[in-house]
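J.: Model the structure of this input:
(one chain, ligands or ions: 1)
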Amino acid sequence: MSDLDLDTTARTILTENDQGGYTIPTKGLYPYQWNWDSVFVALGFATFDPDRAWREIEMLFEGQWRDGMVPHILFRKDDPSYFPGPSVWGTDGGPIPSSGHSQPPVAASVVRDLVEADPSKTTLQRAAALLPKLMAWHRWYLAYRDPDNLGVLAVIHPWESGRDNLPDWDAALAAVDVKDIGPYERKDTSHVDPSMRPHKEDYDRYLSIVAACRKVGWDPAEVARSCPFFVADPGVTFIFLKANRDLLNLAERLGQESEAAEIRGWIARMEEGAKRLWNEDLKAHVALDLRTGKQTNGISSASFLASYAGLTDDLTLSALQAHFDRIAAKVRYMTPSYDPDHACYEPLRYWRGPVWAMINYMIARGFAEAGDFARSERVRRDTAALIETGGFAEYFSPVDGTGAGGGSFSWTAAIWLAWASPSRANKAA
Ligand code: GLC
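T.: Below is the predicted model of the structure:
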């Protein structure tokens with residue numbers, strides 16, 4: 001297929017996954033609205049239907065909880081092909097049935113991109129309507145995912161990180177008691193190859209964490225205090241730091257000075273806190289189990305988001321570049337989700353090795369922001385080659401480009417349109 005045909009296919013995927021204002025990640029496997037999927041999808045829509053891009057984000061915020069949280073899944077209608085559905089989560093925090101935790105807060109960054117693409121009066125009005133909602137979500141993150149004011153954000157569930165079965169969660173997950181879950185039937189393994197999905201032992205613990213939080217009524221302060229899983233994540237932390245910089249830009253543009261001052265404080269807190277995630281032996285940022293105080297020992301694709309977060313000092317940047325080149329000598333396609341030199345690396349098991357298009361997009365933006373256009377462009381070219389070879393798959397093998405997981409995947413299509421496609425290459429990042 002030519003690149004222009006791929007552009008057309010990508011638009012068709014988004015249009016066909018559109019449920020009337022919000023988009024599902026893919027038919028079958030993921031039949032609801034997912035948080036960060038929707039936000040990346042908005043970038044794709046923005047290339048051919050900007051109004052629809054805004055709508056995607058606005059509909060996501062329709063599900064915002066009273067305490068400010070924006071859930072990772074909105075169950076707008078019941079779909080028996082998905083597990084765990086609304087009855088397992090047992091939440092009551094917002095206007096739409098939902099899961100009980102969040103996902104990486106990329107929304108403020110994409111809202112800024114939408115504004116910059118078209119700073120018209122109407123666009124600014126839409127951004128102004130979203131600003132208090134974004135502020136409430138970011139305040140929620142700081143209050144309940146950084147309750148001790150450390151300047152790093154924890155996830156209370158591997159799913160909250162968006163990187164479900166990352167090796168970084170293994171030790172903390174192993175410490176979770178399997179209880180209160182009863183018999184259950186997974187649905188994911190009937191849609192896609194089980195050898196590429198998380199193991200049953202992981203799944204038991206995923207559900208045990210949900211059960212523990214349900215028991216305390218999803219009260220956010222209580223969840224932060226007692227959740228059996230509470231691990232600071234470089235992915236969420238860096239995405240949040242970048243999102244705060246973009247939120248600051250929006251607040252200033254909209255003349256919201258007191259909000260801007262508040263956000264400046266958040267940025268200072270996160271810049272300082274990020275140092276806690278630096279692993280001096282590895283020379284990279286890693287996860288930190290806030291219950292045990294232990295850092296993890298592997299480099300994940302989120303380690304490469306330090307520049308995206310604006311941490312572009314020489315020491316950090318040169319360490320990242322060295323890791324990048326070492327890994328690039330091992331695999332054909334950058335950037336594997338986990339270090340190929342680590343014992344836990346598995347090139348086709350979900351977040352234990354495969355390449356994900358939207359992570360590549362953020363990594364490339366980070367390199368570009370740090371002035372490293374060569375590596376930024378390398379990541380874009382690899383992403384384009386993966387899609388040209390493997391189609392609009394959920395994720396790809398870094399070794400041979402095999403596309404895996406769900407097909408006709410919305411965020412892969414969106415990232416193609418917004419950035420990876422040669423027809424966009426000159427305009428993005
Ligand atoms: C998986 C991914 C997560 C994504 C979701 C829907 O759970 O790990 O990041 O949001 O699928 O695509």
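
J.: which stretches of the stretch 201-350 of the chain form helices?
T.: Taking DSSP state H, counting those that start in this stretch, the helices of the stretch 201-350 of the chain run over residues 220-226, 234-253, 257-273, 314-328.

J.: Show me what from the stretch 101-250 of the chain comes close to the ligand.
T.: Gly162, Asp164 (CB under 6 Å from any ligand atom). To be clear about C-beta, it is placed using only N, CA and C from the backbone, and glycine gets the same treatment.

J.: Now do the contacts for the closest residue to the ligand within the stretch 101-250 of the chain.
T.: Going by CB to the nearest ligand atom, the ligand is nearest to Gly162 of the stretch 101-250 of the chain, at 3.6 Å. If you count contacts by CB atoms under 8 Å, 6 or more residues apart in numbering, Gly162 has them with Trp36, His72, Gln103, Pro104, Gly235, Val236.

J.: Columns pLDDT and distance to Thr383 on top of those, output as CSV?
T.: Converted to CSV, those look like this (pLDDT from 0 to 100; distance: CB to CB, whole Å):
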residue, pLDDT, distance to Thr383
Trp36, 98, 17
His72, 98, 24
Gln103, 98, 21
Pro104, 99, 19
Gly235, 99, 18
Val236, 99, 22
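
J.: Quick check: of these, which has the highest neighbour count?
T.: Of all these, the highest neighbour tally under other CB atoms under 10 Å goes to Val236, namely 29 neighbours.

J.: low-scoring pLDDT stretches of the stretch 51-200 of the chain, where are they?
T.: Within the stretch 51-200 of the chain, no stretch falls below the threshold (pLDDT under 70).

J.: Break down it into its strands, ranges please.
T.: Here the stretch 51-200 of the chain has its strands, by DSSP state E, counting those that start in this stretch, at 73-74, 154-155.

J.: okay, those strands in TSV with mean neighbour count next?
T.: Putting the strands of the stretch 51-200 of the chain into TSV (neighbours: other CB atoms under 10 Å) gives the following:
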stretch	mean neighbour count
strand 73-74	26
strand 154-155	27
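
J.: Next, count neighbours for the residue in the stretch 301-429 of the chain that the ligand sits nearest to.
T.: The nearest approach of the stretch 301-429 of the chain to the ligand comes at Trp351, 6.3 Å away (CB to the nearest ligand atom). By other CB under 10 Å, 24 other residues sit near Trp351.

J.: Distance of the residue of the stretch 101-250 of the chain closest to the ligand relative to Ala370?
T.: As for Gly162, its distance to Ala370 is 23 Å (criterion: CB to CB, to the nearest Å).
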